[in-house]
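Trainee: predicted model and sequence follow; I will ask about them next.
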Amino acid sequence: MIDVRLTAVSKRFAKSSDSAAVDDVTVTIGAGEFFTLLGPSGCGKTTTLRMVAGFYFPTSGHIHFGDDDVTHWTPNKRDTGMVFQNYALFPHMTVAQNVAYGLKVRRVSRADQARRVEEALAQVHLAGYGDRRIDALSGGQQQRVALARALVIRPRTMLLDEPLSNLDAKLREETRAEIRRIQRESGTTSIYVTHDQAEAMAMSDRIAVMESGRVQQVGTPHEVYYQPANAFVARFIGRSNVLSLPVTGAGEQRVQVRLPGGASIEVGAPAGHGLAEGDTALVSARPEHIALGGDDDTASLRGRVSHVEFTGMATHVTVDVDGDEVMAALVDAPAGMALGDVVGLRLVPERLWVVKP
Ligand SMILES: Nc1ncnc2c1ncn2[C@@H]1O[C@H](COP(=O)(O)OP(=O)(O)O)[C@@H](O)[C@H]1O
Ligand SMILES: [Mg+2]
């Protein structure tokens, strides 16, 4: 097992404008870690992954696999297993021929090829499927063949670019658990790319949240969820509300803010937040940490209901609080809540978190 280190990696495409596709990215992916690049479309995830694979060279910066500086190595020297959104299987070959491909290229003996293909197919729970035609398989099975094909070469790193995007919702959830099981068993250092925050949260040891080519935050799913570094991360992960509130006092990792009703509450803040009385703090409040009720003396907001959405698991109630939309996810919403109703919203101060702009 090896770690993968990106140091100040940037990529500018020749003909594109002056903005970099990937801008000064520094991250270390631990040996055996399942690490995810998460962000909206166009934020630079694929470009980053392709530089790790060797399909693009960085404009500046360095990439290390363990002690090897691989920045300018060709892809075939890097021993990376790749899995893509569109499977990229050879349709005219059988499952076994597809999986054996990388071994053939590496001139592994026929007997070893057969044994390792069987092993890899067993790993992805497709033992006995070797003679099937690719087009006789479901999407989920095809993606598992692609996984087996990547695993069979015993790669030093696994790189997966939105591998579940072409599957329907249920299969996507099954396959993501399957990918994580296979990765745990093989212990391969893995970099996974997705724009789906729930997928990233469910699968990853750690996540790098990206926007506009830059890493906004690196952390465990818990860290990026409960302690988002900035307003972008707060909103992108779990659709958090970001409230602008006047600061009435500040400590090292605490800030007091005043709610519209007049009450002051104390909320968590990162060390070095730099806020002082008189400033305005941005405070992240998760929809599921907001309940109905409360009055002006407590941690509450008041406003008119502007939108109601029933999702089954919860009812999403959007309330207009002095012109700001605040969304609460209520597990037990009272029946018959109507647009225009005036409601109180109770915040959970321990769950609030100060974010940077
Ligand atoms: N080959 C290319 N030539 C020029 N621009 C590119 C190329 N590939 C990607 N880009 C640009 O780089 C940015 C990041 O793209 P990409 O890495 O594909 O994002 P993501 O995978 O996060 O959706 C986008 O603005 C995209 O248009
Ligand atoms: Mg992409």
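Mentor: Looks like it came in fine. Residues are numbered from 1 along each chain as shown. Ligands and ions are numbered 1, 2, ... in the order given.

Trainee: wait, doesn't residue 41 sit right on residue 195?
Mentor: Yes. Here residue 41 reaches residue 195: they are 5.8 Å apart, a contact under C-beta atoms under 8 Å. All C-beta spots, glycine's among them, are computed from the backbone N, C-alpha and C.

Trainee: and those two? Which one has more around it.
Mentor: For residue 41 versus residue 195, neighbours defined as other C-beta atoms under 10 Å are more numerous around residue 195 (18 against 8).

Trainee: could I get the phi/psi values of that one?
Mentor: Backbone geometry at residue 195, expressed as degrees, to the nearest 10, gives phi -100, psi 0.

Trainee: so for it, what's the pLDDT?
Mentor: Predicted confidence (pLDDT) at residue 195: the value is 97.

Trainee: quick one: residue 150 is in a strand?
Mentor: No. Assigned with DSSP: H, G, I helix; E, B strand; the rest coil, residue 150 falls outside any strand and is helix.

Trainee: from now on call the first residue 3
Mentor: In the new count, where the first residue is 3, that last one comes out as residue 152.

Trainee: wait, it sits on residue 85?
Mentor: Yes. Between residue 152 and residue 85 there is a contact under C-beta under 8 Å: 5.2 Å.

Trainee: need the overlap of contacts for those two.
Mentor: Shared contacts of residue 152 and residue 85 (C-beta atoms under 8 Å, 6 or more residues apart in numbering): residue 160.

Trainee: got any ranges where the stretch 203-352 of the chain has weak pLDDT?
Mentor: Where the stretch 203-352 of the chain drops to pLDDT under 70, the residues are 296-299.

Trainee: so where do the helices sit in it?
Mentor: 223-228, 233-238 (DSSP state H, counting those that start in this stretch).

Trainee: of those helices, which stretch is the most buried?
Mentor: Sort these by mean neighbour count, taking mean count of other C-beta atoms under 10 Å, and helix 233-238 sits at the top with a mean of 22.

Trainee: who are the packing partners of it?
Mentor: Applying 3 or more C-beta pairs under 8 Å, 6 or more residues apart in numbering; DSSP states H and E, we find helix 233-238 packed against strand 208-213, strand 216-221, strand 243-252, strand 282-287, strand 355-357.

Trainee: can you put those strands in JSON lines and add mean neighbour count?
Mentor: Output for the helices and strands packed on helix 233-238, formatted as JSON lines (neighbours: other C-beta atoms under 10 Å):
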{"stretch": "strand 208-213", "mean neighbour count": "24"}
{"stretch": "strand 216-221", "mean neighbour count": "20"}
{"stretch": "strand 243-252", "mean neighbour count": "18"}
{"stretch": "strand 282-287", "mean neighbour count": "22"}
{"stretch": "strand 355-357", "mean neighbour count": "23"}
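
Trainee: those strands: which one's closest to residue 304?
Mentor: Residue 304 lies closest to strand 243-252 among these, at 13.5 Å (C-beta to C-beta).

Trainee: quick check: angle from the closest one to strand 282-287?
Mentor: 130 degrees (axes from the mean of the first three to the mean of the last three C-alpha atoms, to 10 degrees).

Trainee: okay, now the sheet partners of strand 243-252, with direction.
Mentor: strand 256-260 (antiparallel), strand 282-287 (antiparallel) (DSSP bridges).

Trainee: out of these, nearest to ligand 1?
Mentor: strand 282-287 (23.6 Å; C-beta to the nearest ligand atom).

Trainee: the closest one: how far from the chain's middle?
Mentor: Offset of strand 282-287 from its chain centre (C-alpha atoms, centre = their mean, to the nearest Å): 23 Å.

Trainee: with stretch 199-212 instead?
Mentor: Computed by C-alpha atoms, centre = their mean, the chain-centroid distance of stretch 199-212 equals 3 Å.

Trainee: what about it, how long is it end to end?
Mentor: Terminal residues of stretch 199-212 lie 12 Å apart, using C-alpha to C-alpha, to the nearest Å.

Trainee: show me the domain layout of the protein.
Mentor: The chain breaks down into these domains under automatic domain parsing: 6-233, 234-357.

Trainee: got JSON lines for the ones you listed, with distance to ligand 1 too?
Mentor: Shown next, in JSON lines, are these (distance: least, C-beta to the nearest ligand atom, whole Å):
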{"stretch": "domain 6-233", "distance to ligand 1": "3"}
{"stretch": "domain 234-357", "distance to ligand 1": "13"}
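
Trainee: tell me the most buried of those?
Mentor: domain 6-233 (a mean of 18).

Trainee: start to end distance for that domain?
Mentor: End-to-end for domain 6-233, by C-alpha to C-alpha: 28 Å.

Trainee: same thing with stretch 339-352?
Mentor: Across stretch 339-352, the terminal residues are separated by 28 Å (C-alpha to C-alpha).
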